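[1] Below are the sequence and a predicted model; questions follow.
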Amino acid sequence: MATIRELQWEELDLLQALEIVPVDNDNGGIECRVDQQNLTLHLTLWPYAGVVDLTLVEQSSKAVLLDFTVAVRGRIRYNNDKRGQYLEFPDCVLVSRISVSSEQDEAAFSPNTFGRPMLVAIHPRLSVLFE
């Protein structure tokens with residue numbers, strides 16, 4: 001069974017979890033920017049590639065704290081449960097932004113490659129967690 005490579009999500013989930021309106025960029029991506037507590041989260045969804053870029057920057061020093069791309073296998077969802085309010089990216093695999101190849105793409109979306117859920121929250125503070 002082939003894995004669907006297109007990202008799947010509901011617009012309302014992004015609005016609820018990140019409390020911002022996503023913006024289409026000129027390259028076909030959907031950008032979300034959240035500024036909070038001296039941090040800026042840049043989240044770009046690439047719907048047809050099935051990947052998400054995430055960058056976390058400290059505003060005062062402009063230091064990049066996190067900068068990576070994940071292939072997302074599964075529907076992106078907003079959750080509000082005992083762990084809090086967060087956006088869940090299920091079954092993620094880290095991929096390279098620099099050297100994109102068909103082999104990397106095949107490996108990232110292979111059912112034989114182990115992935116982990118990624119959670120992004122803005123309450124009580126901005127956080128990114130791989131489970």
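    That came in fine, so what should we check first? Numbers count the residues shown, from 1 in each chain.

[2] what's the burial count for G115?
    21 (other C-beta atoms under 10 Å). Every residue, glycine included, has its C-beta placed from N, CA and C.

[3] Kindly provide the distance from G29 to R83.
    For G29, the distance to R83 equals 28 Å [C-beta to C-beta, to the nearest Å].

[4] More neighbours: which of the two?
    G29 (19 against 12).

[5] wait, what's in contact with the residue nearest to L14 when sequence neighbours are not counted?
    Nearest residue to L14 in three dimensions, chain neighbours excluded: P22, at 5.4 Å (C-beta to C-beta, 6 or more residues apart in numbering). Counting by C-beta atoms under 8 Å, 6 or more residues apart in numbering, P22 touches 11, 14, 30-32, 45.

[6] same thing but at 7 Å, please
    14, 30-32 (C-beta atoms under 7 Å, 6 or more residues apart in numbering).

[7] how close does it sit to F89?
    15 Å.

[8] Equivalent analysis for Q59, please.
    From Q59 to F89 the distance is 24 Å (C-beta to C-beta).

[9] try T113
    According to C-beta to C-beta, T113 stands 15 Å off from F89.

[10] These two: who's more crowded?
    F89 (28 against 14).

[11] Strands along this protein, start to end?
    Assigned by DSSP state E, the chain shows strands spanning 23-24, 30-36, 39-46, 51-58, 64-72, 77-81, 84-95, 116-121, 127-130.

[12] among those, which is nearest F109?
    Ranking the strands of the chain by proximity to F109 (C-beta to C-beta) places strand 64-72 first, at 6.2 Å.

[13] Just checking: what are the partner strands of the closest one?
    strand 51-58 (antiparallel), strand 84-95 (antiparallel) (DSSP bridges).

[14] Give me the buried positions along the helix or strand of the chain with the lowest mean pLDDT.
    Lowest by mean pLDDT, DSSP states H and E among the helices and strands of the chain is helix 102-108, with a mean of 76. For helix 102-108, the neighbour count (16 or more other C-beta atoms under 10 Å) marks 105, 108 as buried.

[15] For this protein, give me the ranges with low pLDDT.
    Within the chain, the segments meeting pLDDT under 70 span 1-4, 98-101.
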